[in-house]
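Engineer: compute the structure for the input listed below.
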Amino acid sequence: MSGRTLAVVTAGLGQPSSTRLLADRLADAAATALRQRTGEDVSITVVELRDIAHELTDNLLAGFPSARLRTAVEDVLGADGVIAVTPIFNASYSGLFKTFFDVLDEGALEGTPVLLGATGGTARHSLALEFAVRPLFAYLRSDVVPTAVFAASEDWGASGAQGGLSRRVQRAGSELAQTVAEREPAASTHRSVVDDGFEDPIPFEQLLARG
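Structural biologist: Numbers count the residues shown, from 1 in each chain. Just a heads-up that it's a prediction; the model follows:
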């Protein structure tokens, strides 16, 4: 079946949140540009981290991912492109945002096209995209598009068709679409989360022998 998939990871805490609003606009721009480039259907899956916050904490503490967490991670790792948007707290990404990406296996996002976005109260927080968020995905060895989009509170009042935010959103969406279109569709099989210890269990007889 012909088609591409985009996964949107949004770490907004409110409902509704400006972080989710920015994520939706980036996804719409990227999907529209990707359809125009490839002529293929584009599906969008949104992962709201606030909805799986408890599962993320439980997984870090106990090492056992819930079914809902597994599904969320598989949606991200199985996508052709990822849009990751975080609120900026104390000049960096949110703890919830970082926790989700800590769950992934090492190298799971290697080479994956990623578009970065962030929201904050004032434009003075915008540099956090470059000195905090982008280095995180460089460490993950993702293929991050050049344009990252920051939306401050004042941007929403000037975000019409000709607004500065709209122009940045369209440019970033086009860059992600170009990067995704240049690649083969994502494989359907990925390791999803940190090994829970049960995928390749030690035979019971060996455990008894260790005693």
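Engineer: where does V85 sit: helix, strand or coil?
Structural biologist: strand (DSSP: H, G, I helix; E, B strand; the rest coil).
Engineer: just give me the neighbour total for L60.
Structural biologist: 13 (other C-beta atoms under 10 Å). Where C-beta positions appear, they are placed from N, C-alpha and C, glycine not excepted.
Engineer: who's in contact with it?
Structural biologist: Shown in contact with L60 (C-beta atoms under 8 Å, 6 or more residues apart in numbering): T99, D102, V103.
Engineer: pLDDT score assigned to it?
Structural biologist: Predicted confidence (pLDDT) for L60: 88.
Engineer: for E205, same thing?
Structural biologist: 52.
Engineer: ok, which stretches of this structure are strands?
Structural biologist: 4-10, 42-48, 81-89, 92-93, 113-120, 143-144, 149-152 (DSSP state E).
Engineer: would JSON lines of those with distance to L165 and mean pLDDT be doable?
Structural biologist: Output for these, formatted as JSON lines (distance: least, C-beta to C-beta, whole Å; pLDDT from 0 to 100):
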{"stretch": "strand 4-10", "distance to L165": "16", "mean pLDDT": "98"}
{"stretch": "strand 42-48", "distance to L165": "20", "mean pLDDT": "97"}
{"stretch": "strand 81-89", "distance to L165": "13", "mean pLDDT": "97"}
{"stretch": "strand 92-93", "distance to L165": "20", "mean pLDDT": "95"}
{"stretch": "strand 113-120", "distance to L165": "11", "mean pLDDT": "97"}
{"stretch": "strand 143-144", "distance to L165": "20", "mean pLDDT": "97"}
{"stretch": "strand 149-152", "distance to L165": "6", "mean pLDDT": "94"}
